[in-house]
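K.L.:
Mind looking at a prediction? Sequence and model below.
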Amino acid sequence: MAKVQFIKSADVKPWLAELAKEHRVFAPSYDGEALLFRPFDPEQEIVLDRAATMPPKKTIFPQSEKLVDFTYSKDPENLSRIKIDAKANLPEGSTVVFGSRPCDARGFTMFDRVYLSDKNPDIYYQARRKNTLFITLACRTIENTCFCNWVDSDPCDPTGSDVLAIPVNDGYLLESVSEQGEKLLNSKLLADGSSRRAEAEKICQEIAGSINNTKDLTLAPEKLLAVFDNMEFWEEVSAKCLSCGACTYLCPSCYCFNITDETTGMKGKRLRSWDNCMSAQFTMEASGHNPRPTKAHRLKNRVGHKFSYYPTIHGGVISCCGCGRCIKSCPAGIDIREIVLKAIDFVPAAVEE
Amino acid sequence: MKYQQELKDSIRKALPGLDVVIAWSAGYDPLHATPHFIRREEDIDRLEIGPFSVHNLATYLPGLRGKKVGIVVKGCDSRSVIELLQENLINREDVTIFGFPCTGVVDQTKIRKALGHTGKVDFCQIASQTVVIGAGGEEHKLRLSKVLADKCFSCQYPNALISDHFVGEKISPSAQTEGGDDLEAFENMPLPERFAFWQKEMDRCIRCYACRNACPMCVCRDHCLAESRDPHWLSQEDSVRDKWMFQLIHAYHLAGRCTECGECQRACPMDIPLLLLKKKMNKEIKELFQYEAGVDPEATPPLLSFKMEEENIKEREW
Amino acid sequence: MPVLKGKELRIVGFLCNWCSYGGADTAGVGRFNQPTDLRIIRVPCSGRIDPLFIMKTLMNGADGVLVSGCHPRDCHYAEGNFYARRRLEVLHRFLPILGFEPGRFEYTWVSASEGQRWQQVVTRFTEQIHKLGPAPKIAGPEASATLRQMEAVL
């Protein structure tokens, strides 16, 4: 049985301050005009009434992380032999992310299937994932770009979260989702919230009702494959794409990276940094050949991967959480929903005999 | 927009001779437009011009080289076209330019700031100087001047400087004073504050390079210094230094070429005030060489030429 | 031995091969006393200097950057320094927007025979940088670590 607690709005900051004694705490606050998950600072205003510009992706998947430090040394006996000492840099400590949205938290479940496979888990990801807890805030308002309901989710979806916070009139109803989440709910600032449950449920229903009409995407995987070789289709939908990485870097479910060794003298570090399939370099091969030479190829990959290839491998789960950031932040206003629907509705021109 | 129908007619006439015409159409909500590629007759109906036509469509031209392209331009966009022509990045005979008198475009960041949190946007009506936005079940009334892009206040070229088809009557530059001047205010800040300002602003850069890709004059495209490993100009670290350095690379590669269209700043998903750097660069170029980019396709850019005796460069007493 | 007492600062000089590098050499041969803060990078011509070299040097923590080439009209390649003059002047005027004191970067002309002049230029520039003190360093743990690493290599 999930633990249900209640917290008054005014107690949120003190509660976070309490949590910050044990964990690194991140909460959404403004940096310039961008709303970002930043280290909790009691002096700073926490903004919870709107979705953040950037999902809390960095908390588990840093923009750039040092995987390994290495040092070359010469063997004095045999100078042509060079020894390498390498030291892994495993992340330590625990993190609490407060105020993520259901879509944000659910995004990491797309990572999990890839990075936490039994065969070959990614130890860096694993270490952070295990020690990062999400106190997710159910949405009270819906934006034009929201479409979580298209991808089997909803504004109160607890998937991927440790605690689900549902905003009620004077505060938040906190429901534990995971065991680790339950441990977060032991503060004296919290009171039993069982009596507020009905109210919260009603709010969730109301919100779910206000979201854009859902679209059936079951045919997306096969329909996207059907237009795979239709470059005219892709050239048309990608015409306005600028090939920048805004959509991928703001995506809670995009997990691609690049590895770079940077060496100065005899010392160096191996870095893992975000990479994005919209960049021409993403698939550039050492020979100079590029299997995805144009933006049409690249956008096809992004949409295809999320709505076709990934679901085909991972039991039908679409690798998109419907947060709509790629739409909202695209400098050219590309709407991924439009592309998927276009592919689903696409009827190939009849071939003339 | 008054001249929309006229523009559509003009495009309809020219379309048979063109592969594509780039314009704008309605975007994902009533507060956004999106670039619109017109290939067929029926695409013309969706064309919309107005205060949401923010995108500088000239960015797409070099990528369409070899095709017959029509492009709809605001005054500021036309300067990018001129600059591209000057640098031989596009062929004049392949490009058909449709101009219209632009009365200014909005700044989405200003709208967002003015509305606070909106929730769903239902409608937006613009009548003379007032914008009425229906969002989150409420009506918000804003003065147009409150949400107009900064560049529009000091706009000297509201009509396309170069065009094959111009619809509507040419209008005179806005009477507002030069500047609107964030650069001047910034330059009055003490040096350590400026240094701190950039570090704070650049810290949130996610290196998506939207600034670069939206820039009509960033023409190295897939061969940018930023991603080169040899020479390794920039580290892959998530460091302010490298992010900031990239902006300096961008600003410097645009010295004497930037037309201040502001696409870098508009495209930035993190709202980093990048235009400030370009404005400063342009100001110095103008002072030193009396040069403004994107006005004359025949001009020689100042950093590609020199004078034996420079009027405005004083020999230092070193 | 540093001419200027106290802590040595990090000044990087970009010198053209034909005039200023020769000038510095002449100063050395003439045993003119010079401050030792300057590290020289020899380039073929002042026209070879991408202003971004200077920017990168400052961003990486140098306290000052000095560029020196042939006098105008004396360029080994006839017009390299004319182009350089424009670029460097623009950079000089641009730097303050970033918060760098304009005095952290200077450019000048020294011919191969001007050993004495080279001595004056170096001494004056070094004094100027010492007056400004160490340059502000870009925040972040990595910046100082990299600097230490670079120091170890040098």
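P.N.:
Thanks, I have the structure now.
K.L.:
residues from the stretch 151-300 of chain B in reach of chain C?
P.N.:
B:186-187, B:191-199, B:233, B:237, B:239-241, B:244-245, B:248-249, B:251-252, B:255, B:276-277, B:280-281, B:284-285, B:287-289 (CB under 8 Å from any CB of the partner chain). Where you see a C-beta, it was placed from the backbone N, CA and C, and this is true even at glycine.
K.L.:
Helices - which of the residues you listed land there?
P.N.:
Among those, DSSP state H puts B:186-187, B:191-199, B:240-241, B:244-245, B:248-249, B:251-252, B:276-277, B:280-281, B:284-285, B:287-289 in helices.
K.L.:
In PyMOL, select just the buried ones from those residues.
P.N.:
Selection of the buried residues among those in PyMOL, burial being defined by 16 or more other CB atoms under 10 Å in any protein chain shown:
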select buried, chain B and resi 186+191+194+195+197+198+199+240+241+244+245+248+249+251+252+276+277+280+281+284+285+288+289
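K.L.:
Could you list the buried residues of stretch B:6-23?
P.N.:
Under the neighbour-count criterion of 16+ other CB under 10 Å, stretch B:6-23 has B:7-8, B:10-11, B:14-15, B:18, B:20-23 buried.
K.L.:
Over to stretch A:249-269?
P.N.:
A:249-255, A:257-258, A:260, A:262, A:268-269.
K.L.:
Just the terminal-to-terminal distance for that stretch.
P.N.:
This stretch, stretch A:249-269, spans 23 Å end to end (CA to CA, to the nearest Å).
K.L.:
Can you confirm whether it lies near chain B?
P.N.:
Yes - judged by CB under 8 Å from any CB, stretch A:249-269 comes into contact with chain B at A:249-250, A:258, A:260, A:262.
K.L.:
Now do the SS call for the residue at the greatest distance from the centre of chain A.
P.N.:
Most distant residue from the mean C-alpha position of chain A: residue A:77, 50.9 Å away (CA atoms, centre = their mean). Three-state call for residue A:77 (DSSP: H, G, I helix; E, B strand; the rest coil): coil.
K.L.:
who touches it in this structure?
P.N.:
The neighbourhood of residue A:77, defined by CB atoms under 8 Å, 6 or more residues apart in numbering or on different chains, contains no residues.
K.L.:
Just give the nearest non-adjacent residue to the residue in chain B positioned nearest to chain C, would you?
P.N.:
Proximity of chain B to chain C (CB to the nearest CB) peaks at residue B:195, 2.8 Å away. Sequence neighbours aside, residue C:99 is the residue nearest to residue B:195 in space, at 2.8 Å (criterion: CB to CB, 6 or more residues apart in numbering or on different chains).
K.L.:
Verify the contact between residue B:91 and residue B:62 for me.
P.N.:
No - assessed by CB atoms under 8 Å, residue B:91 is found out of contact with residue B:62, at 10.8 Å.
K.L.:
any idea how far residue B:187 is from the residue of chain C found nearest chain B?
P.N.:
Chain C approaches chain B most closely through residue C:99 (2.8 Å), counting by CB to the nearest CB. Counting by CB to CB, to the nearest Å, the gap from residue C:99 to residue B:187 is 11 Å.
K.L.:
For chain C, give me the ranges with low pLDDT.
P.N.:
For chain C, the stretches with pLDDT under 70 are C:1-6, C:140-154.
K.L.:
Can you pull the phi and psi angles for the residue nearest in space to the middle of it?
P.N.:
Nearest to the mean C-alpha position of chain C, by CA atoms, centre = their mean, lies residue C:66 at 1.9 Å. Dihedral pair for residue C:66: phi -120, psi 130, per degrees, to the nearest 10.
K.L.:
next one: residue A:258
P.N.:
Backbone geometry at residue A:258, expressed as degrees, to the nearest 10, gives phi -130, psi 150.
K.L.:
For it, give the beta-bridge partners.
P.N.:
Judged by DSSP bridges, the bridge partners of residue A:258 are residue A:273.
K.L.:
Would you mind measuring from it to residue B:25?
P.N.:
35 Å.
K.L.:
and if you look at residue B:84?
P.N.:
23 Å.
K.L.:
Also residue A:346?
P.N.:
20 Å.
K.L.:
Those two - which one has more neighbours?
P.N.:
residue B:25 (18 against 14; other CB atoms under 10 Å in any protein chain shown).
K.L.:
Contacts only, for that one.
P.N.:
By CB under 8 Å, 6+ apart, the contact list for residue B:25 reads B:33-34, B:36, B:46-48.
K.L.:
Determine the three-state secondary structure at the nearest residue to it once chain neighbours are set aside.
P.N.:
Sequence neighbours aside, residue B:36 is the residue nearest to residue B:25 in space, at 3.7 Å (criterion: CB to CB, 6+ apart). Under three-state DSSP, the three-state class of residue B:36 is strand.
K.L.:
Show me the beta-bridge partners of residue B:36.
P.N.:
Beta-bridge partners, per DSSP bridges, of residue B:36: residue B:23.
K.L.:
contacting residues around it?
P.N.:
Residue B:36 touches A:240, B:22-25, B:43, B:46-48, counting by CB under 8 Å, 6+ apart.
K.L.:
As a markdown table, those with distance to residue C:129 and pLDDT would be great.
P.N.:
Formatted as a markdown table, these follow (distance: CB to CB, whole Å; pLDDT from 0 to 100):
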| residue | distance to residue C:129 | pLDDT |
| --- | --- | --- |
| A:240 | 50 | 97 |
| B:22 | 51 | 98 |
| B:23 | 55 | 98 |
| B:24 | 52 | 98 |
| B:25 | 56 | 98 |
| B:43 | 61 | 97 |
| B:46 | 61 | 97 |
| B:47 | 59 | 97 |
| B:48 | 57 | 96 |
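K.L.:
from those, which single one is nearest residue C:125?
P.N.:
Relative to residue C:125, the closest of the contacts of residue B:36 is residue A:240; by CB to CB it sits at 50.8 Å.
K.L.:
so where does the closest one fall, helix or strand?
P.N.:
For residue A:240, there is no host helix or strand (DSSP states H and E).
K.L.:
Okay, and which of the buried residues of stretch A:249-269 map to strands?
P.N.:
A:257-258, A:260, A:262, A:268-269 (DSSP state E).
K.L.:
For the spatially most central residue of chain B, grab phi and psi.
P.N.:
Centroid check for chain B by CA atoms, centre = their mean gives residue B:261 as the closest residue, at 2.7 Å. When read as degrees, to the nearest 10, the backbone of residue B:261 gives phi -70, psi -20.
K.L.:
Then residue B:135?
P.N.:
Here is the backbone geometry of residue B:135 (degrees, to the nearest 10): phi -150, psi 140.
K.L.:
Noted, bye for now.
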